[in-house]
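Prediction below, plus the sequence it came from.
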Amino acid sequence: MERTASARRPGTTSAALRDAGSRSRAASSPLQRSRAAAALVAAATVALSLAACAPDPEPEPEVLSVTEAGGVYLEAVCPVNAAWDEADVEIDRLRIGVARGEDFDTAPFAEAMSALADASGEAAEQLDAGDIVWPEEARDEIEEVRVTLVADRKQALAVAELPAEEAAGYMWDGDAARDAAVAARTVLGLPEDPAAACARWAERRAAEDGGGAGSDGGSGEPSE
């Protein structure tokens, strides 16, 4: 029997079927491309979100000139000298009261010493701030001052707890602080007299603030 035109061998596929399959695959391609594009958009969105949440880089520390360092130094230590002025007043009152045999209230003295401790601690932190770099020629001197401020804070807190008689006779251990302060002022080109140095700082601050009042500093016991 002759084969007709429509007869096919097993395993073969007609052109019509092949064309139908091609059309089916072609029809699915846009969907696949759409899904791929959506995945890329999602990935990009996640990346942008992570970038937005990333912390800003830490700013580089400011390297101070000697002149700038002098101002930053006075900014830190002049409030300590002012606190010493207040403490000196209470120390004198305490000694007078004890000498007269009075039943003296040590609370004002203790408060003044606590304020001195706070000022010393804050100054030590300012001198060790991580956002500045001291001039190389002044780093050792500044560090010595910082160390003495930490020691002064500890000493002031201890003295604040003393009874009146012991507080009146207490001899402050301030030689190291005084020597360190003199060395720091010298290397920073500041006046030898701490009161003059702080007065100059106060005047400069007042001028920068448009005539506002600044701290007058003062001599203080250890004279930072």
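Yep, that arrived.

the bottom helix or strand of this protein by mean pLDDT?
helix 15-53 (a mean of 53; mean pLDDT, DSSP states H and E).

Which SSE is immediately downstream of that helix?
strand 62-63 (DSSP states H and E).

That following strand pairs with which strands?
strand 132-133 (parallel) (DSSP bridges).

Please list the residues outside the strand it pairs with that contact it.
With contacts defined as Cβ atoms under 8 Å, 6 or more residues apart in numbering, strand 132-133 is touched by 61-64, 72. C-beta: built from backbone N, CA, C; applies to glycine.

Buried among those? Need that as a selection in PyMOL.
To isolate in PyMOL the members of the contacts of strand 132-133 that are buried, counting by 16 or more other Cβ atoms under 10 Å, one can use:
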select buried, resi 64+72
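
Save the contacts of strand 132-133 as JSON lines, and put in distance to Glu90 and pLDDT too.
Putting the contacts of strand 132-133 into JSON lines (distance: Cβ to Cβ, whole Å; pLDDT from 0 to 100) gives the following:
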{"residue": "Pro61", "distance to Glu90": "39", "pLDDT": "84"}
{"residue": "Glu62", "distance to Glu90": "38", "pLDDT": "86"}
{"residue": "Val63", "distance to Glu90": "41", "pLDDT": "89"}
{"residue": "Leu64", "distance to Glu90": "35", "pLDDT": "93"}
{"residue": "Val72", "distance to Glu90": "29", "pLDDT": "96"}
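
okay, and for this protein, where does confidence drop off?
The chain contains residues with pLDDT under 70 at 1-56, 211-224.

please redo it, this time with the cut-off set to 50
1-28, 212-221 (pLDDT under 50).

Just the helices from it, written as ranges.
Residue ranges of the helices in the chain, as given by DSSP state H, are 15-53, 66-99, 107-127, 139-160, 164-168, 175-187, 194-208.

Switch these over to CSV; also include distance to Val133.
CSV is the format used below for the helices of the chain (distance: least, Cβ to Cβ, whole Å):
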stretch, distance to Val133
helix 15-53, 30
helix 66-99, 9
helix 107-127, 12
helix 139-160, 9
helix 164-168, 40
helix 175-187, 15
helix 194-208, 21
